[in-house]
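**Student:** The following block contains a protein sequence and its predicted model.
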Amino acid sequence: RGLTEEELPSAIGFDDLSPALQVEVQELQKRMAIELRPLVLESTLTMQKVLEAENHTERLQLVRHFVEAETRRLTTKKTLRGVFSGSSMGTGEGSDQSE
């Protein structure tokens, strides 16, 4: 497409992908849309609450609350990822129960 051998394209079109990669990209897009929908809704509602706040102090309290909630959510996600990525046999508390 008008590029020399040394040049790399700045973008690759969807149609340039192999059929298998096109299917994979479409599945990933569907999964992202499903998984991100609650986060988009929560973000929208968060912004609505901030806009409805009566004054700067109330806005700061709301932002602090939302940051703390997000910190808890990410901590929980990290913990669960650690629990489920580790081996379920012979490690952790489960191995003590068999003794």
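**Tutor:** Arrived safely. Note that the structure is a prediction, hence the values are computed from the model and not measured.
**Student:** Only C-alpha atoms from now on, for both contacts and neighbour counts.
**Tutor:** Will do.
**Student:** And the helices in this structure?
**Tutor:** Using DSSP state H, the helices of the chain run over residues 19-52, 56-85, 94-97.
**Student:** Dump these into TSV; add distance to E6 as well.
**Tutor:** Output for these, formatted as TSV (distance: least, CA to CA, whole Å):
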stretch	distance to E6
helix 19-52	24
helix 56-85	41
helix 94-97	56
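**Student:** lowest-confidence stretch among those?
**Tutor:** Lowest mean pLDDT of those: helix 94-97, a mean of 41.
**Student:** Which residue lies nearest the spatial centre of the protein?
**Tutor:** In the chain, the centroid-proximal residue (CA atoms, centre = their mean) is L36; its distance is 7.0 Å.
**Student:** Stretch 48-56: how far from the chain's middle?
**Tutor:** 26 Å (CA atoms, centre = their mean, to the nearest Å).
**Student:** same thing with stretch 70-86?
**Tutor:** 12 Å.
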